[in-house]
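1. fold the following.
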Amino acid sequence: MTLAAWLGPRLPGRWVAAVAAGLYPRFEPELGRLADFCPAGGTAVDVGGWYGPWTRRLARRADRVVTIEPVPHLARLIASVAPAHVDVVSAAATDHAGCATLWLPPGGRGDRGVSSLVRRELHTTALDVPCLPLDALELSAVTLIKIDVDGGELAVLRGAVRTVERELPALFVELETRIQPLAPVLEWTAARGYRGWVLPHDRWLPLADFDLPAHQSRTSHVAEHGLLRRSLAPHRRYVNSVLFLPDGARPGPVASAPAAASAASFRDHVHHEPRH
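-> Residues are numbered from 1 along each chain as shown. Prediction:
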């Protein structure tokens, strides 16, 4: 059982959220490097909010944060602790509007962060939730879309196609070969002029130069460790997310952007940044 799954029913949600926020940049170092790909200002989108560690950090940089979280008690928790410029949507993001079946592990709470619209062996409980495509929110000045939905990433992207093609935001997408094949998401992003980047250590590498399936196969045992264990041993790195930027852009310190500026201006800015 992971730390969050054990603590969730036993401690006030605010405490668990604070612990998660404090540990998460060690668990997922890319969160500590937001300045490399998320300019200040504009709108950032957190798809799969869980206890809100990404939402909290994004709220420090963006003028507006939109968080999509389908587990009802987690959506309520994020809304109760988030600042006023964070909008929480209690729904699942996918490629259509209506109602969907959310699959959860035993207990049916969703505290482990592995709830998904795509059923896996670990899922035993079903919950009907509202669903919607991101395009339906008609967001503007979008600088970043972070997607962590345990297998439903391609459907989220398909539901955000107009937003992505119009705004050209950075895309931070969970990709795990143990959950889904990589090719569909890689083909979808490449068709829209995006290039992948990963952060296996302290330096961003082009995804084309990093064998992600081989890495995940070698380090799959680390993926089974919980938030606390992986945070306390950050050298045991399991890369399970890819940063996609418009072709020609690369991760590196980015300047502030006015709220009304489009992500295209961010792309033009980072194109001239020195490589990190």
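2. CA only for contacts and neighbour counts going forward, please
-> Fine.
3. is it true that Gly32 lies in a strand?
-> No - per DSSP: H, G, I helix; E, B strand; the rest coil, Gly32 lies outside any strand segment and is helix.
4. tell me, how many residues neighbour it?
-> 14 (other CA atoms under 10 Å).
5. Ala126 and His73, how far apart?
-> Distance of Ala126 to His73, given as CA to CA, to the nearest Å: 15 Å.
6. how about Leu139?
-> 25 Å.
7. okay, the two: which has more neighbours?
-> Set side by side, Leu139 and His73 show more neighbours around His73, with 17 against 14, by other CA under 10 Å.
8. tell me the SS of the more buried one?
-> helix.
9. which element, helix or strand, includes the nearest residue to Ala82 once chain neighbours are set aside?
-> With sequence-adjacent residues excluded and distances taken as CA to CA, 6 or more residues apart in numbering, Ala82 is closest to Arg56, at 7.0 Å. Counting by DSSP states H and E, the element that carries Arg56 is helix 53-59.
10. roughly how far is that helix from the heart of the chain?
-> Centroid displacement of helix 53-59 relative to its chain, using CA atoms, centre = their mean, to the nearest Å, is 11 Å.
11. next structured bit after it?
-> Counting by DSSP H and E, what follows helix 53-59 is strand 64-68.
12. return the list of helices and strands in contact with that next one.
-> Under the contact criterion of 3 or more CA pairs under 8 Å, 6 or more residues apart in numbering; DSSP states H and E, strand 64-68 touches strand 43-47, helix 53-59, strand 86-89.
13. what comes up buried for stretch 201-212?
-> Judged by neighbour count (16 or more other CA atoms under 10 Å), stretch 201-212 contains these buried residues: 204-207, 212.
14. and what of stretch 133-145?
-> Buried positions in stretch 133-145, judged by neighbour count with 16+ other CA under 10 Å: 133-135, 140-145.
15. repeat for stretch 174-189
-> Across stretch 174-189, burial judged by 16+ other CA under 10 Å covers 174-177, 180, 182, 185-186, 189.
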